[in-house]
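Trainee: Could you look at this predicted model? Sequence included:
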Amino acid sequence: MIAKKIPDSIPFIPNLIHPTLYLAFIIIRNRLLNMKQNILIEMVCFLLILLFVYAALSKLIDYSNFKIQLSRSPLIKASATYLAIILPALELITAGMLMVPSSRIAGLFLAFVVLSLFTFYIIYMLLTEKKLPCSCGGVLKQITWKQHILFNVFFLLIAFAGIKMENKNCCAK
């Protein structure tokens, strides 16, 4: 009997396993991998929803202080009144988009853009101003600006990973 070379990309299948059973195994394995990726996407969205809802609520709970702190920022003081309304609304809209599967990819992109803009704003302010006003709410008031940048970069990476996974998921369907 001549031994056949088994290709590297196909795992060894004993002659006892029927091809239909092997196909069923491949289908189940692919669905489990897809479920694992879906769970990761859900976790990414959950973390971003938590971040944006927390940020929006902390601004709204202490709205007058938030508005004052925005007006102290030299870069945005002219539009502080409008931004005090727009920012929490945008954060809640982003969280809402992440909750709805049909708008999830747009929500991930929006989260990435909002986090990017805020991170660049912090970096710009650190480079140009000596004393920075803090309009952060809750526990984020306790961290330094450099820690805040790292915090934002962490969530930027999470949003980017979510975009990549969601795009891969959409393309696979």
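Mentor: Looks like it arrived, so ask away. Numbers count the residues shown, from 1 in each chain.
Trainee: Quick check: the gap between Gln37 and Arg31.
Mentor: 11 Å (C-beta to C-beta, to the nearest Å). Yep, even glycine has a C-beta here, placed from its N, CA and C like the rest.
Trainee: typo on my end, it should be Gln69
Mentor: Counting by C-beta to C-beta - Gln69 and Arg31 are separated by 49 Å.
Trainee: More neighbours: which of those two?
Mentor: Counting neighbours by other C-beta atoms under 10 Å for Gln69 and for Arg31 shows that Gln69 has the greater number, 19 against 10.
Trainee: where does the chain have low pLDDT?
Mentor: Scanning the chain for pLDDT under 70 picks out the ranges 1-19, 21-22, 133-138, 170-173.
Trainee: What segments of it are helices?
Mentor: 19-61, 63-71, 80-99, 104-128, 145-172 (DSSP state H).
Trainee: export the ones you listed to CSV and tack on distance to Val139?
Mentor: As requested, these are exported to CSV (distance: least, C-beta to C-beta, whole Å):
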stretch, distance to Val139
helix 19-61, 9
helix 63-71, 15
helix 80-99, 16
helix 104-128, 17
helix 145-172, 11
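Trainee: Quick one: residues contacting Leu92.
Mentor: Leu92 sits next to 52-53, 56 when contact means C-beta atoms under 8 Å, 6 or more residues apart in numbering.
Trainee: what number of residues lie near the spatially closest residue to Leu40 that is not a sequence neighbour?
Mentor: Distances taken as C-beta to C-beta, 6 or more residues apart in numbering place Met165 nearest to Leu40, at 6.0 Å, with adjacent residues excluded. The tally of other residues near Met165 (other C-beta under 10 Å) stands at 16.
Trainee: what's the answer for Phe46, then?
Mentor: Phe46: 12 neighbours (other C-beta under 10 Å).
Trainee: ok, now the one 5 residues further on?
Mentor: The burial metric for Leu51, expressed as a neighbour count using other C-beta under 10 Å, is 23.
Trainee: Now do the same contact list for it.
Mentor: Residues near Leu51 by C-beta under 8 Å, 6+ apart: Phe155.
Trainee: gap between it and Phe155?
Mentor: 6 Å.
Trainee: Kindly report the same for Ser71.
Mentor: 26 Å.
Trainee: Please apply the same query to Val113.
Mentor: 12 Å.
Trainee: for Leu115, same thing?
Mentor: Taking C-beta to C-beta, one finds Leu115 at 6 Å from Phe155.
Trainee: what about these two, which has more around it?
Mentor: Each of Leu115 and Phe155 has its neighbours counted (other C-beta under 10 Å); Leu115 has more, 24 against 20.
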